[in-house]
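Peer 1: Structure, please.
(one chain, ligands or ions: 1)
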Amino acid sequence: MSVSRIALPRGPLPPRALRRVVQGMARDGAVALDGLFPLPLLKRLRAEVYRRHHSGELRAQGRVRDIGGRYAAVLPFRGPFLNKAFYADPRVLAMMGALLGPDFCISSLETVISEPGAGRQHQHVDGPMRFDRLVGGKKVPYRGDLSDLPPFAVSLCVPLCDVDEENGPTAIWTGSHREALRPRPPGEAEVGRRFPLVPMAGPFGSAFLFDFRVFHGGTPNYSREPRPLLIMVFTRSWYRDPNQNEVFPSVVIAGKDLARVPAEHRPLFMLAPAARRPLWGARTS
Ligand SMILES: [Fe+2]
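Peer 2: Below you'll find the model as predicted:
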């Protein structure tokens, strides 16, 4: 059992590849992508991530959370991350448009550094959109069937090294993305029973997308090297990622750098403080 593995040619995304992405996301809640970013670009991104990791500033300034021997940290759009070949690859934008509609934006840019010895992460979904009500202190679930809703948030995951069973691929219970919005979401054992678990392994240069609603979890890093993973989350413009509730901002770009982003791509950064018109003398950077 696997997810669709889609080889991307350079240049515009062929309609057939786009269809496979949309169908794969609808069926499995995840797709694997080969040939998305060129290795020289990925190596520059990796060098920047390692520099910030080894200096300690990534953890000190960007840490969002610790997760059993791995930590997630927000990365600034600076240096190699300001390359529009990274943040506005036309094929990625075409995929996000097809999945999220015309008004999507970048919700966050994070890296997850899984250190040697990192353990198994619990099964979870990243963004459970719930419509529960509280009545007399009791939670009442929304009874309607929301399982057919289209995606509202999609993570683009780009490992910055080869990923195999040894160093801890993200494991995805494929096809489980329609379950999180049911009136009573299934428990861990039921998800494990009903949906095949697929480790998203692949060589350096491969990437994958997953729907925020799909059940997943990190697997142990048995190797002797850290395993850095980039995660750029795209959302519909109205959605706010609950994983970022305790931190601010989740999109970091300086005003002078945002001014140099081509106008057509500036809406991608709408959640960055530098993109917002300050009121009442608020400081934005
Ligand atoms: Fe997650």
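
Peer 1: ok, the residue most central in space within the chain - contacts?
Peer 2: Centre of the chain computed as the mean C-alpha position; nearest residue by Cα atoms, centre = their mean is S155, 2.5 Å away. Residues near S155 by Cβ atoms under 8 Å, 6 or more residues apart in numbering: 126, 209-210, 212, 231-234. Heads up, the C-betas are built off the backbone N, CA and C, glycines and all.

Peer 1: hmm, 7 Å instead?
Peer 2: 126, 209-210, 212, 231, 233 (Cβ atoms under 7 Å, 6 or more residues apart in numbering).

Peer 1: How about R78?
Peer 2: So R78 contacts nothing (Cβ under 7 Å, 6+ apart).

Peer 1: try 10 Å
Peer 2: Contacts for R78 (Cβ atoms under 10 Å, 6 or more residues apart in numbering) come out as 48, 52, 252-254, 257.

Peer 1: how about TSV for those residues, with neighbour count added?
Peer 2: What follows is the contacts of R78, written out as TSV (neighbours: other Cβ atoms under 10 Å):
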residue	neighbour count
E48	19
R52	22
V252	22
I253	28
A254	16
D257	18
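
Peer 1: now, which of those sits nearest L42?
Peer 2: Proximity of those to L42 (Cβ to Cβ) peaks at E48, which lies at 10.8 Å.

Peer 1: Hmm, E57 and the closest one touching each other?
Peer 2: No - when contacts are counted by Cβ atoms under 10 Å, E48 is not listed as touching E57 (11.3 Å).

Peer 1: Now do the end-to-end distance for stretch 181-199.
Peer 2: Stretch 181-199 has an end-to-end distance of 23 Å (Cα to Cα, to the nearest Å).

Peer 1: Dig out what the residue nearest to S2 when sequence neighbours are not counted forms beta bridges with.
Peer 2: Of all residues not flanking S2 in the chain, V198 sits nearest, at 5.8 Å (Cβ to Cβ, 6 or more residues apart in numbering). V198 has these beta-bridge partners by DSSP bridges: I172.

Peer 1: Which residues are in contact with V198?
Peer 2: Applying Cβ under 10 Å, 6+ apart to V198 gives the contacts 1-3, 28, 30, 32, 169-175, 208, 216.

Peer 1: Kindly state the pLDDT recorded for it?
Peer 2: Per-residue confidence at V198 stands at 98 (pLDDT).

Peer 1: quick thing: my sequence starts at 86, can you match it?
Peer 2: From this message on, residue numbering opens at 86, which makes the last subject V283.

Peer 1: That one and G302, how far apart?
Peer 2: To G302, V283 is 12 Å away according to Cβ to Cβ, to the nearest Å.

Peer 1: what do those two both touch?
Peer 2: Jointly contacting V283 and G302 under the rule Cβ under 10 Å, 6+ apart are 255-258.

Peer 1: Going by distance to R351, which of those wins?
Peer 2: T255 (30.6 Å).

Peer 1: which residues touch that closest one?
Peer 2: Counting by Cβ under 10 Å, 6+ apart, T255 touches 115, 197, 199, 206, 240, 242, 244, 248, 283-286, 293, 295, 301-304, 314, 316.

Peer 1: Excluding chain neighbours, give the residue nearest to it in space.
Peer 2: What sits nearest to T255 in space, not counting adjacent residues and going by Cβ to Cβ, 6+ apart, is M285, at 4.9 Å.

Peer 1: just checking, that neighbour touches E250?
Peer 2: No - with contact defined as Cβ under 10 Å, M285 does not count as touching E250 (11.1 Å).

Peer 1: out of the two, which sits in the busier spot?
Peer 2: Neighbour count, other Cβ atoms under 10 Å: between M285 and E250, M285 has more, with 25 against 12.
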